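A.B. asks: got a sequence here, can you build the structure:
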Amino acid sequence: MTRLSVNINKLATLRNARGGNNPDVVATALDLERFGAQGITVHPRPDERHIRRTDVHALKPLLTTEFNIEGYPSEDFIALVLEVSPAQVTLVPDPPDVLTSNAGWDTKTHKRTLANTVARFKAAGIRTSLFMGTDSELIAHAADTGTDRIELYTEPYAAHFHADRNAAVDPFTRAAVHAADRGLGLNAGHDLDLHNLAFFQQNVPHLLEVSIGHALICDALRFGLENTVPLYLRELR
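C.D. replies: Below you'll find the model as predicted:
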């Protein structure tokens, strides 16, 4: 079964909008695990507009599922990850001022930098993943960095799903095959939801993990977190 990691950035956004500690990001992450989430994902950004460095430190000793930290590999981010030592780090090519991740790595151009960063994390026993598009050449270059996995950027799939789901998923099916041929594990994330998740999972082979935040938290406003996590798990079955 493909594992579900819940990105809790939106919980932190809501908390930060009013100050204080409501909702309690750490307590809610533990609730998500109790409701069935198989991982927790955070993406701390330099301006701490949602997840804060203190959240990352507070979560690590309490989580019982896999902890995944996403971010751009600046020296301060690398230092944070090495200090916290999560199960997985996902490297994304976001500059500091972007609203949300909107592209995968150009692994040909940045291969040397990525390879050096991946080596540092792997030496510390941290599984690595690179946020990627579906281009087969760039997937091959990703494999050359030594990364354990790639995470496919699924916004293009979600954007075209309702118009033609087969055409939307086809590049991802082919990318999954390329990744497996290169010995890479496969994750996916961005704009996956209750409408498009099952079809994606059924048509993309070797899918180990999906990271879902915005849609899941939005659905929780209607159904409650305790009901929403099992709904997403059902789609993955």
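
A.B. asks: need the helices for this structure, in chain order.
C.D. replies: Using DSSP state H, the helices of the chain run over residues 9-18, 25-34, 53-59, 75-84, 111-123, 136-144, 155-160, 165-181, 197-203, 214-223, 225-236.

A.B. asks: tell me which of these approaches H190 most closely.
C.D. replies: Closest of these to H190 is helix 155-160, at 4.7 Å (criterion: Cβ to Cβ). Placement of C-beta: from N, CA and C, glycine included.

A.B. asks: against which helices or strands is the closest one packed?
C.D. replies: Contacting helix 155-160 under the criterion 3 or more Cβ pairs under 8 Å, 6 or more residues apart in numbering; DSSP states H and E are the following elements: helix 165-181.

A.B. asks: under the pLDDT cut-off, which ranges of this structure? List them.
C.D. replies: The model of the chain has pLDDT under 70 over residues 95-102.

A.B. asks: mind redoing it with 90?
C.D. replies: 1, 46, 94-103 (pLDDT under 90).

A.B. asks: name the nearest residue to the residue nearest the centre of it, ignoring sequence neighbours.
C.D. replies: In the chain, the residue lying closest to the centroid (Cα atoms, centre = their mean) is S211, at 4.2 Å. Among residues not flanking S211 along the chain, G189 sits closest, at 3.6 Å (Cβ to Cβ, 6 or more residues apart in numbering).

A.B. asks: still on that earlier bit, would you mind measuring from the residue nearest to the centre of the chain to F131?
C.D. replies: S211 sits 10 Å away from F131, going by Cβ to Cβ, to the nearest Å.

A.B. asks: contacting residues for H43?
C.D. replies: Contact criterion Cβ atoms under 8 Å, 6 or more residues apart in numbering gives N7, N9, H50, I51, I69, E70, G71, V92, S101 as the residues in contact with H43.

A.B. asks: isn't the first one right up against A37?
C.D. replies: Pointing back at N7 there. No: N7 lies out of contact with A37 (Cβ atoms under 8 Å); the separation is 10.2 Å.

A.B. asks: and the two? Which one has more around it.
C.D. replies: Neighbours per residue, other Cβ atoms under 10 Å: of N7 and A37, the larger number sits with A37, 27 against 24.

A.B. asks: which residues does that one contact?
C.D. replies: Applying Cβ under 8 Å, 6+ apart, the residues near A37 are L4, S5, V6, T65, V229.

A.B. asks: export those to CSV and tack on distance to A140 and neighbour count?
C.D. replies: Below are the contacts of A37 laid out as CSV (distance: Cβ to Cβ, whole Å; neighbours: other Cβ atoms under 10 Å):
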residue, distance to A140, neighbour count
L4, 28, 24
S5, 26, 25
V6, 31, 30
T65, 31, 19
V229, 36, 25
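
A.B. asks: for T90, grab the count of nearby residues.
C.D. replies: T90: 26 neighbours (other Cβ under 10 Å).

A.B. asks: OK, contacts around it?
C.D. replies: T41, N68, I69, E70, G71, T128, S129, L130, F131, E151, N187, S211.

A.B. asks: what is the burial count for the closest residue to T107 other than its chain neighbours?
C.D. replies: Using Cβ to Cβ, 6+ apart and skipping the chain neighbours, the partner closest in space to T107 is H141 (3.9 Å). The tally of other residues near H141 (other Cβ under 10 Å) stands at 22.
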